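Undergrad: Based on what follows, work out the 3D shape:
(one chain, ligands or ions: 1)
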Amino acid sequence: MHKITFFERFEADILAGRKTITLRDESESGVIAGQTLPVHTLEADRWFCDIRIIAVQEVEFDGLSDKEAHQENMTLEQLKQVIQEIYPGITHLYKISFELC
Ligand SMILES: CC(=O)Nc1ccn([C@@H]2O[C@H](CO)[C@@H](O)[C@H]2O)c(=O)n1
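TA: Residues are numbered from 1 along each chain as shown. Sure thing, here's the model as predicted:
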């Protein structure tokens with residue numbers, strides 16, 4: 001992957017450092033620790049920052065906890081709902097931790 005996209009509604013949280021992970025399916029897991037990536041909005045493909053990947057870890061949907069929710073600036077209930085909307089029925093996720101460049 002040479003760039004990563006996020007829904008526009010998460011832009012402010014990412015730029016403020018309130019959202020420091022993203023949970024993706026296997027098709028969007030192809031990043032490695034240390035890599036720097038430009039971040040674009042999904043809707044308009046507009047660049048808004050660069051991030052550095054800190055880690056990529058496999059996690060189960062049922063294993064998500066308040067820790068991941070906090071890292072997403074959401075409640076666990078909100079996070080699970082968001083993931084179900086984006087990836088209906090998903091059980092296996094990739095937790096991508098990042099920092100702003
Ligand atoms: C193609 C594309 O952009 N896809 C996605 C997929 C996920 N996410 C966010 O990651 C977290 C867990 O899934 C939540 O905050 C999601 O909303 C996103 O912003 N954009």
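Undergrad: hey, let's count contacts and neighbours off CA atoms from now on
TA: Fine.
Undergrad: quick one: secondary structure of the closest residue to D25 other than its chain neighbours?
TA: Nearest residue to D25, sequence neighbours excluded (CA to CA, 6 or more residues apart in numbering): L93, at 5.2 Å. Here L93 is recorded as strand under DSSP: H, G, I helix; E, B strand; the rest coil.
Undergrad: Check the burial of L93 by counting its neighbours.
TA: Look at L93: counted by other CA atoms under 10 Å, it has 22 neighbours.
Undergrad: That one is in contact with G63, isn't it?
TA: No: using CA atoms under 8 Å, L93 is not in contact with G63; the gap is 10.0 Å.
Undergrad: Which parts of the longest strand seen in the chain count as buried, going by neighbours?
TA: The longest strand of the chain (DSSP state E) is strand 47-60. Buried residues in strand 47-60, counted by 16 or more other CA atoms under 10 Å: 50-56.
Undergrad: quick one, helices of the protein?
TA: Secondary structure of the chain (DSSP state H): helices at 11-15, 66-71, 76-86.
Undergrad: how about the ones you listed, which one is nearest the ligand?
TA: Set against the ligand and scored by CA to the nearest ligand atom, the helices of the chain come closest in helix 76-86, at 5.0 Å.
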